[in-house]
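Chemist: Output the structure for:
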Amino acid sequence: MNIIRRIIKDRFTLLYCRSLLINQIDQEMSKRTIPVVDLSKFVNGNDAEKQAFVNEIGEAFHEVGFVGVVNHGIPKELVDGFYTASKTFFSQPVATKRQYQVEGLAGQRGYTSFGMEHAKQSKVADLKEFFQMGQFMEREGYDKTEYPDNLMTTETPEFSELGKQLYKAFESSGGHLLRAIALHLDLDENYFEEKIDEGHSILRSIHYPPITEEPRSAIRAEQHEDINLITLLVGASAGGLQLLNAENEWLDITPGEDEIVINVGDMLQRLTNNYLKSTTHRVVNPPKEQWHVPRLSIPFFLHPKSNMDLSCLSDCITAERPLQYEPITAGEYLDQRLREIGLKK
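Modeler: Next comes the predicted model:
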């Protein structure tokens, strides 16, 4: 009899704990601003799982413009190592960092000083400095005017080496995501493959220093939309990322552990005639009592080759969504936008 009572008691305890866990998960999901998807279901799943992923990411990009991705294939130890190396690089004297600032490259390689970049609609500079790495070309005979060399940081060689490894990992994961997006758009699964091979993607390590005085109407990164096809962002060292939803409300984006955040860029929005949504976002300043806390962020801006035609896809032009954009190449569009944000004169 005692054994039966214990079994019943243990079963009720198990059910109670399960109920608490489900409730906790529901509460956490209700706090989410963006949906979350599992990339391994697309890469390694069966046909049904693959199609489900395509539907989920397509819906997220159409309705929200942002999605969280788990099992994305980017090693945590690589991300952690690059964060540590980034902190080391940005902790150096300004004079040392400025050795890596190259005139005439519009910030597309090397270091960009604090206060140089601003949102296209703003004249006030963002409260950040950053370092950018571009395509690592490995074949002979490429055009170095189109693919400038990356700058190797001699004081912090691990920053350059880990950055190269992270760049390649982001390229691989981004390629999988674009295959899913192509399928959602009823294109060939490999539609983007040739267009992003040797593309002009950028890995950017951003440092938002401690705020030492009342900002002059500036925040860490003013509201903006990204230029590229998609952006892949590994979790920042501190909060502050927000998106502007359809109701004109600013909502916090707080990714889970080992989750990356993906958002649609203007090039993909333009290609799909506004079907996929390049959502406005920003990085706000922390509360005043946390001004002393710096912030690091590592986005990867996935760009195609310069000659990619961004003319709107014919299937995305409808009576309800008439043609919104004139034809332009990715290179022409990037040049236009770099001038708007103050990186190119």
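Chemist: quick one: pLDDT of the nearest residue to Y142 once chain neighbours are set aside?
Modeler: Computed as CB to CB, 6 or more residues apart in numbering, the closest residue to Y142 that is not its neighbour in sequence is E198, at 7.7 Å. Where you see a C-beta, it was placed from the backbone N, CA and C, and this is true even at glycine. Looking at E198, its pLDDT is 96.
Chemist: Could you do G331 as well?
Modeler: On the pLDDT scale, G331 gets 95.
Chemist: Now do the helices in this protein.
Modeler: 2-31, 39-43, 47-63, 76-90, 94-97, 157-184, 193-196, 266-271, 330-340 (DSSP state H).
Chemist: who's in contact with the fourth one?
Modeler: To tie it back to what came earlier, the one meant is helix 76-90. With contact meaning CB atoms under 8 Å, 6 or more residues apart in numbering, helix 76-90 is reached by 97, 129, 131, 153, 155-156, 158-159, 162-163, 165-166, 169, 205, 207, 209, 234, 237, 258, 296, 298.
Chemist: can you list the weak-confidence ranges in the stretch 101-250 of the chain?
Modeler: Residue ranges of the stretch 101-250 of the chain with pLDDT under 70: 119, 121-124, 215-220, 235-239.
Chemist: For the residue nearest to Y142, give me its contacts.
Modeler: Contact analysis of E198 by CB under 8 Å, 6+ apart lists Q135, M137, Y142, Y147, K305.
Chemist: are any of those buried, and which?
Modeler: By neighbour count, with 16 or more other CB atoms under 10 Å, these hold Q135, M137, K305 as buried.
Chemist: now, among those, which is nearest to I230?
Modeler: Distance to I230 across these (CB to CB) is lowest for K305, with 15.4 Å.
Chemist: Tell me which residues touch F61, please.
Modeler: F61 neighbours (CB under 8 Å, 6+ apart): V67, I181, H184, V264, L268, L276, K277.
Chemist: Now render those residues as TSV, adding distance to N190 and neighbour count.
Modeler: TSV is the format used below for the contacts of F61 (distance: CB to CB, whole Å; neighbours: other CB atoms under 10 Å):
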residue	distance to N190	neighbour count
V67	22	23
I181	12	25
H184	14	21
V264	20	27
L268	16	26
L276	19	24
K277	24	20
